[in-house]
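# Turn this into a model:
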Amino acid sequence: MRPFLVAFLVAMTLPIAGTANAQTAGPNDTCLMCHADLSAKGATGKAIGVDKDKFATSVHGSLGLKCTDCHRDVSAAKLPHEPTLKPVDCAVCHEAPVKEYASTVHGKARAGGNKVAASCANCHGTHDILPSKDAKSRTNHANLESTCAACHGNDAMVKSAHLPGGNIVTKFHDSIHGRNLRDAKAAVSAAAPTCTNCHGAHKIEAKTEKTSRIARANIPETCGGCHQRIKSVYDQGWHGKLRHDGNPAAPICIDCHTAHSIEKTSRPEWQMAVIGQCGGCHDNFITTYRQTFHGQVTELGYANVATCAACHGAHDVLPASNPASRVSAENRVSTCRVCHPTANASFVQFDPHANRHDKVRSPLLYYAGLFMDWLLLGVFAFFGIHTVFWLARSLRVVRERRRGGG
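Take a look at the predicted model:
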């Protein structure tokens with residue numbers, strides 16, 4: 001028998017039963033006469049069961065809210081209700097968060113007809129909503145990764161909904177942020193950023209929006225929310241100054257560290273990979289670096305050798321003309337002595353980016369290379385001509401022998 005029909009029959013018997021329980025039954029008790037059955041399904045086949053114990057301990061249940069406070073098109077005095085009810089309007093109580101949500105990537109997607117885009121219930125739950133401070137809450141700091149993973153960590157969902165970035169939760173899970181979030185030390189776990197620290201909670205906007213926390217122009221401020229000291233150093237560096245001058249190509253946090261796959265910078269694998277990130281902008285310098293001893297050793301996978309950051313710094317990169325730069329004439333000796341304790345003024349005359357094709361920067365190397373090119377060409381030309389003449393002579397000797405019968 002359909003649940004709404006059962007509810008109708010029960011409601012019809014309440015006035016004539018005359019029992020104390022019937023007279024004192026509240027609207028929630030009336031609803032639970034049908035909905036307490038967790039296996040119950042509605043006319044559309046959707047589960048309609050409610051765990052009364054979970055609801056009682058939920059944030060709404062503990063406040064004493066009635067079912068009809070959310071399901072406003074239902075009246076306990078008029079049963080059975082319609083088989084299909086209107087969607088719950090959370091804005092009745094939560095006006096500001098719902099207004100924010102409407103302008104976000106999730107809200108816009110649902111407004112455009114995408115019914116799988118995250119709604120209030122997808123993140124907070126329905127009848128079992130708990131305060132975010134509760135360790136069991138879906139929106140608790142420690143649980144947000146798994147909450148977001150329902151969509152952004154589900155390969156099938158990512159593919160069908162064409163979610164940007166692919167399976168980004170898996171990337172985050174293996175990152176330094178994800179590992180810190182699972183750290184046994186409560187202080188480390190609590191300080192580790194999770195999805196909402198970067199994307200926001202209700203106001204999640206696409207990175208193409210100027211006001212988005214993950215828009216390229218805003219990412220340093222977003223990362224700086226946790227990494228204030230590093231952000232300050234970056235702002236004083238050359239890259240930060242280029243950004244403040246309005247250069248859209250200026251490197252920002254994610255260019256070197258990536259967005260979701262952020263690694264611990266002490267890992268040799270990351271130190272090797274970031275050299276290639278520097279080469280993404282400084283292609284000429286990465287080419288000349290690869291030709292030196294330092295570069296060739298890193299190509300073999302050894303991290304215990306000078307990399308870009310070892311000489312130029314990481315967040316405090318400055319041009320060599322700046323006296324504060326690590327590679328300025330004033331500081332070059334001390335920079336080299338980090339690896340070469342006996343380095344002196346003569347030692348630092350070595351050019352780590354010498355370019356044999358640049359006559360102005362490396363004249364000696366340029367002319368030495370030019371000499372070697374001509375020498376090599378001359379040697380091959382000489383022995384090439386010699387080989388041709390020798391071949392002609394050998395062929396002539398062979399023909400003469402054949403004519404002579406021997």
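# which helix in this protein runs the most residues?
Determined from DSSP state H, the single longest helix within the chain is helix 363-403.
# Helices of the stretch 151-300 of the chain, start to end?
Assigned by DSSP state H, counting those that start in this stretch, the stretch 151-300 of the chain shows helices spanning 155-161, 168-173, 176-181, 186-191, 195-199, 219-224, 228-236, 238-244, 253-257, 268-279, 283-290, 293-299.
# Could you identify which of these is most buried?
Comparing the helices of the stretch 151-300 of the chain by mean neighbour count (mean count of other C-beta atoms under 10 Å), helix 168-173 comes out on top with a mean of 20. Yep, even glycine has a C-beta here, placed from its N, CA and C like the rest.
# Restrict that helix to CA atoms and write it as CSV.
Extracted in CSV, the C-alpha atoms of helix 168-173 (Å, rounded to 0.1, in the frame of the first residue of the first chain):
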residue,chain,number,x,y,z
ILE,A,168,40.9,16.8,-9.0
VAL,A,169,40.1,15.2,-5.6
THR,A,170,42.5,12.3,-6.3
LYS,A,171,45.2,14.8,-7.2
PHE,A,172,44.4,16.7,-4.0
HIS,A,173,44.4,13.6,-1.9
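# now V105: how far from H199?
Per C-beta to C-beta, to the nearest Å, V105 is found 9 Å from H199.
# F172 contacts T258, correct?
No. F172 is beyond contact range of T258, at 10.6 Å (criterion: C-beta atoms under 8 Å).
# Low-confidence stretches in the stretch 101-250 of the chain?
Judged by pLDDT under 70, the stretch 101-250 of the chain has no weakly predicted residues.
# repeat that with 90
Applying pLDDT under 90 to the stretch 101-250 of the chain flags the ranges 113-116, 160-162, 164-165, 184, 248-249.
# Count the neighbours of G237 for me.
22 (other C-beta atoms under 10 Å).
# wait, what's in contact with it?
G313, H315, D316, V317, L318 (C-beta atoms under 8 Å, 6 or more residues apart in numbering).
# what about it, distance to E330?
Relative to E330, G237 is positioned 17 Å away (C-beta to C-beta).
# same check, this time on L300
On the measure of C-beta to C-beta, L300 and E330 end up 33 Å apart.
# higher neighbour count, these two?
E330 (11 against 8).
# which non-adjacent residue is nearest the more buried one?
Of all residues not flanking E330 in the chain, P323 sits nearest, at 5.3 Å (C-beta to C-beta, 6 or more residues apart in numbering).
# Tell me, how many residues neighbour that neighbour?
Neighbourhood size, P323 [other C-beta under 10 Å]: 10.
# So which residue is smack in the middle of this structure?
H260 (2.1 Å; C-alpha atoms, centre = their mean).
# for that one, what are its contacts?
G165, I168, K171, F172, S175.
# Next, it: phi, psi?
phi -110, psi -20 (degrees, to the nearest 10).
# Give me the distance between it and P164.
On the measure of C-beta to C-beta, H260 and P164 end up 11 Å apart.
# Pull up the distance across stretch 190-207, start to finish.
For stretch 190-207, the first and last residues are 26 Å from each other (C-alpha to C-alpha, to the nearest Å).
# Can you pull out the residues in contact with it?
So stretch 190-207 is contacted by 97-98, 100-101, 103-106, 139, 141-142, 144-145, 148, 172, 177-178, 180-181, 183, 211-216, 222-223, 225-226 (C-beta under 8 Å, 6+ apart).
# Now with 7 Å, please.
97, 100-101, 104-106, 141, 144-145, 148, 177, 180-181, 211-215, 222, 225-226 (C-beta atoms under 7 Å, 6 or more residues apart in numbering).
# out of the residues you listed, which are buried?
97, 100-101, 104-106, 141, 144-145, 148, 177, 180-181, 212-215, 222 (16 or more other C-beta atoms under 10 Å).
# H244 - nearest residue in space that isn't next to it in sequence?
Closest residue to H244 in three dimensions, ignoring its sequence neighbours and counting by C-beta to C-beta, 6+ apart: D235, at 7.2 Å.
# now the one you found: how far from G224?
9 Å.
# now swap in G107 and tell me
Taking C-beta to C-beta, one finds G107 at 27 Å from G224.
# list the contacts for S189?
A142, N180, L181, R182, D183.
# nearest to E400, of these?
Proximity of those to E400 (C-beta to C-beta) peaks at N180, which lies at 86.1 Å.
# pretty sure that closest one contacts A186?
No. Applying C-beta atoms under 7 Å, one finds N180 not in contact with A186, separated by 11.6 Å.
# list the contacts for the closest residue to G240 other than its chain neighbours?
Among residues not flanking G240 along the chain, Y234 sits closest, at 4.5 Å (C-beta to C-beta, 6+ apart). Residues in contact with Y234 (C-beta under 7 Å, 6+ apart) are P220, G240, H315.
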